[in-house]
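In: kindly return the folded structure for what I paste below:
(one chain, ligands or ions: 2)
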Amino acid sequence: MSAHAAPRTPDADALAAAASALRDGNLVGFPTETVYGLGADARDPAAVARVFAAKGRPSDHPLICHVASAGDARALVALMSPAAEALAVAFWPGPLTLVMARSAVVPDAVTGGRDTVAVRVPAHPVALALLRAFGGAVAAPSANRFGRPSPTCADDVVDELGDAVAMVLDGGPCDIGIESTVVDMTTDPPQVLRPGRISAAQLSQVIGAPVSAEASGPARAPGMLESHYAPGAQVRVVDAADAARAAAELAGEGIVAVMASDEIPGLPPDAVILGPMGDADGYAARLYAAFRRADAHGARWIVAVPPPAEGIGVAVRDRLARASAGR
Ligand code: TXA
Ligand code: MG
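Out: Ligands and ions are numbered 1, 2, ... in the order given. Here you go, the predicted structure:
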């Protein structure tokens, strides 16, 4: 495995080489429409173990299986309910991960020993081309070290995990920028374990029945630790009206970076402006790159004014809350 290989243009040669690396049990960084993934052959427990080792991720945090079609998804699950079928028709390929009862072909290494498996068909053309060239399921978490922000461009994958991968396919910057909506289809009603671009209301509309927007019960979403998605800088989430005061207060402790949709008047002159973040979709697309930019500036604090809690804004607020918690 070549250390810190440059990202590769995903032409036919690179896709064939990436598929062959997966068949050999090696890891491939690849783009999806949400964030970049760190892929391994989902049927190969040794390859899957390499994913956990590379990320430094606890082995009981299950991985998402990426497949090229709903038909390929059916092979991984014991049963795809009518509601799951309807969601697959409506949203695949796309940023939706369905948790379903697993079939015996899925190794324990992928599911953390659970009796369920998370599956999605990504919408990125390079991800789909890789899945078709490989011809099987690719288990892939986001391609970051454990607890760090997800990578949204190929260079970020090289920075995070360059020495662990055989190759990184360059699909450009990710359109959506935050991870897929994860919904548990094994409960009644189904429950959103991780908010994303597709809302609980959209899911509910398709299946014609309620979908719970909040997971209940302990550890329903293993790996959804409060301190996830965190940059090196500490994050403080504030209302726009309080941003200037918070930035001035924290400036005494070191460099302060500011993230907001609109310009904030009265910031300290040396504050690093990470915006404009744009509307909620723009904010999502720029969020993790902004975290990384704050770190590159050596920021001690990030003062973040979140977008409104509508649409993908709910998911952005979730990631900001997690980034700010428990540090
Ligand atoms: O957008 C995405 O979903 C990206 C791209 C690469 O597809 N992947 C991603 O993977 O974010 P990861 O491993 O960082 O997050 C997977 C999430 C975790 O919160 C995990 O707990 C949940 O999915 N998950 C996976 N399998 C599960 C299962 N069997 N039951 C409950 N939650 C599961
Ligand atoms: Mg992740």
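
In: for Val89, give me phi and psi.
Out: phi -60, psi -40 (degrees, to the nearest 10).

In: what parts of the stretch 51-200 of the chain come near ligand 1?
Out: Residues of the stretch 51-200 of the chain lying close to ligand 1 (C-beta under 6 Å from any ligand atom) are 61-64, 97, 99, 111, 114, 116-118, 122, 140-142, 179-180, 182, 193-194. In short, each C-beta sits where N, CA and C put it, glycine included.

In: repeat that with 5 Å
Out: Selection of the stretch 51-200 of the chain residues close to ligand 1 by C-beta under 5 Å from any ligand atom yields Pro62, Ile64, Val99, Arg114, Thr116, Ala118, Pro141, Ser142, Glu179, Ser180, Val182.

In: narrow those to those in strands?
Out: Mapping those onto strands (DSSP state E) picks out Ile64, Val99, Thr116, Ala118, Val182.

In: any chance of JSON lines for those, columns neighbour count?
Out: Below are these laid out as JSON lines (neighbours: other C-beta atoms under 10 Å):
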{"residue": "Ile64", "neighbour count": "26"}
{"residue": "Val99", "neighbour count": "26"}
{"residue": "Thr116", "neighbour count": "19"}
{"residue": "Ala118", "neighbour count": "27"}
{"residue": "Val182", "neighbour count": "23"}
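
In: and Val303, its phi and psi?
Out: Residue torsions, per degrees, to the nearest 10, at Val303 are phi -100, psi 120.

In: circling back to that earlier point, and the residues of the stretch 51-200 of the chain next to ligand 1, which is closest to Gly172?
Out: Nearest to Gly172, judged by C-beta to C-beta, of those is Ser142 at 16.8 Å.

In: my guess is the closest one contacts Pro31, does it?
Out: No - Ser142 lies out of contact with Pro31 (C-beta atoms under 8 Å); the separation is 11.6 Å.

In: more neighbours, those two?
Out: A direct count of neighbours by other C-beta atoms under 10 Å for Ser142 and Pro31 places Pro31 higher, at 30 against 26.

In: so what's that one closest to, chain neighbours aside?
Out: Spatial nearest neighbour of Pro31, excluding adjacent residues (C-beta to C-beta, 6 or more residues apart in numbering): Gly171 at 2.8 Å.

In: is it fair to say that neighbour lies in a helix?
Out: No - read with DSSP: H, G, I helix; E, B strand; the rest coil, Gly171 is coil and lies in no helix.

In: for the closest residue to Ala233 other than its chain neighbours, grab the count of nearby residues.
Out: Leaving aside its chain neighbours, Ala233 sits nearest to Ala299 (4.2 Å; criterion: C-beta to C-beta, 6+ apart). When counting by other C-beta under 10 Å, one arrives at 25 neighbours for Ala299.

In: which of the helices or strands spans Ala299?
Out: Under DSSP states H and E, no helix or strand contains Ala299.

In: can you map out the helices along this structure?
Out: Ranges of helices in the chain, per DSSP state H, are 12-23, 45-55, 70-74, 82-91, 108-111, 125-134, 154-161, 200-207, 240-250, 280-296, 313-324.

In: now render the ones you listed as CSV, adding mean neighbour count.
Out: Formatted as CSV, the helices of the chain follow (neighbours: other C-beta under 10 Å):
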stretch, mean neighbour count
helix 12-23, 18
helix 45-55, 19
helix 70-74, 18
helix 82-91, 18
helix 108-111, 20
helix 125-134, 20
helix 154-161, 22
helix 200-207, 17
helix 240-250, 17
helix 280-296, 22
helix 313-324, 22
